[in-house]
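>>> fold the following and give me the result.
(chains A and B)
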Amino acid sequence: DSGVTQTPKHLITATGQRVTLRCSPRSGDLSVYWYQQSLDQGLQFLIQYYNGEERAKGNILERFSAQQFPDLHSELNLSSLELGDSALYFCASSRGSGTGGTNEKLFFGSGTQLSVL
Amino acid sequence: SQQGEEDPQALSIQEGENATMNCSYKTSINNLQWYRQNSGRGLVHLILIRSNEREKHSGRLRVTLDTSKKSSSLLITASRAADTASYFCALNYGGSQGNLIFGKGTKLSVKP
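Here you go, the predicted model:
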C-alpha cells in the first residue's frame, strides 16, 4: 500500500459528461501529480501541484482542470468527455516540490479507470 | 522528446534467467528512476540513480547509468514468475519541474 488514495476506482460515463477524480496524498507529502495512462500514449504527465499551487504542467487538455486544496487532497476535473479520454488516471505524491535538483521518488495510487461510452 | 525510450518493448524469459532492460534519453537529466507496474495496478518505485552515480544495487536489481551515452540499464538477476510486470524508466530534469517523464515501458514475462 503506497498510502496514496484515489477514488473512485472505476467510473463509467457518457460522452459530453463531466467527472471528478479525487486523490489523497501520503501523509506529509506536499506534491500531487496527475498522470494519464492509455495503451497508445503510454503514461502522460498532466499536472503537478505543490502545497496548493500549480508547479508544472504537461499535456493537459483545456477541458481538464485540477486543484489542490488546503488539506492537500487534489481533484482532477474532466469535462466535455470524449471517447478518447477513456484511460487509467493515476495520482502520485512526493514529500517536497521535486524541484531545484532534489531527488525524490513518487508514490502512486492504484488509479481510476475511466470509461467513456 | 523528453521521454525515455525503453528497449526491448517486450521480453520473455524463463525463471532463473537474468533480464536486462535499457532506457535511452536525449537531454541531460537530474536523475533517472525505474518503476514497476503489475497489470492495471499503480506504479511502484524500484530504484533512483542520480546523474553523478554510475551504478546502484537493490536486492536482485542492478541499475547502471552512462551519462555520456545517455542510457541506463536495469538488470534483474535470477528472475521469478512474480517479476512479471511492465518496467518503466522515468526521467527527472530538475530545475523548475519536479515531475517525471515516463517511457512506454518494457513488458517482462517470466515463465515458470
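>>> let's verify the residue most central in space within chain A: helix, strand, or coil?
What sits nearest the mean C-alpha location of chain A, by CA atoms, centre = their mean, is A:Trp34, with 2.6 Å. When classified by DSSP: H, G, I helix; E, B strand; the rest coil, A:Trp34 comes out as strand.
>>> pLDDT at the nearest residue to it once chain neighbours are set aside, what is it?
Closest residue to A:Trp34 apart from its sequence neighbours, by CB to CB, 6 or more residues apart in numbering or on different chains: A:Leu46 at 4.2 Å. C-beta: built from backbone N, CA, C; applies to glycine. If you check A:Leu46, the pLDDT there is 95.
>>> any idea how many residues pack against A:Leu46?
Using other CB atoms under 10 Å in any protein chain shown, the number of residues around A:Leu46 comes to 21.
>>> in the chain, which spans are strands?
If you meant another chain, say so; for now it's chain A. Ranges of strands in chain A, per DSSP state E, are A:5-7, A:10-13, A:19-24, A:31-38, A:42-50, A:53-57, A:64-68, A:74-78, A:87-94, A:107-108, A:112-116.
>>> not what I meant, chain B
Under DSSP E, chain B gives strands at B:5-7, B:10-14, B:19-24, B:31-37, B:43-50, B:55-58, B:61-66, B:71-76, B:85-92, B:101-102, B:106-111.
>>> partner strands of the fourth one and their direction?
Sheet partners assigned to strand B:31-37 using DSSP bridges are listed as strand B:43-50 (antiparallel), strand B:85-92 (antiparallel).
>>> show me how far it is from its chain's centre.
5 Å (CA atoms, centre = their mean, to the nearest Å).
>>> what sits up against it?
Contacts to strand B:31-37, defined as CB atoms under 8 Å, 6 or more residues apart in numbering or on different chains, come from residues A:103, A:105-106, A:108, B:4, B:23, B:25, B:43-51, B:61, B:63, B:65, B:72, B:74, B:85-92, B:94, B:100, B:102, B:105.
>>> for the closest residue to chain B within chain A, give me its contacts.
Of the residues in chain A, the one nearest chain B is A:Gly98, at a distance of 2.1 Å by CB to the nearest CB. Going by CB under 8 Å, 6+ apart, A:Gly98 touches A:Ser31, A:Gln48, A:Tyr50, A:Arg55, A:Glu104, B:Asn92, B:Gln97, B:Gly98, B:Asn99.
>>> in TSV, list those along with neighbour count and distance to A:Ser74.
Output for the contacts of A:Gly98, formatted as TSV (neighbours: other CB atoms under 10 Å in any protein chain shown; distance: CB to CB, whole Å):
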residue	neighbour count	distance to A:Ser74
A:Ser31	26	10
A:Gln48	28	10
A:Tyr50	21	11
A:Arg55	21	12
A:Glu104	21	17
B:Asn92	26	20
B:Gln97	20	17
B:Gly98	24	15
B:Asn99	26	14
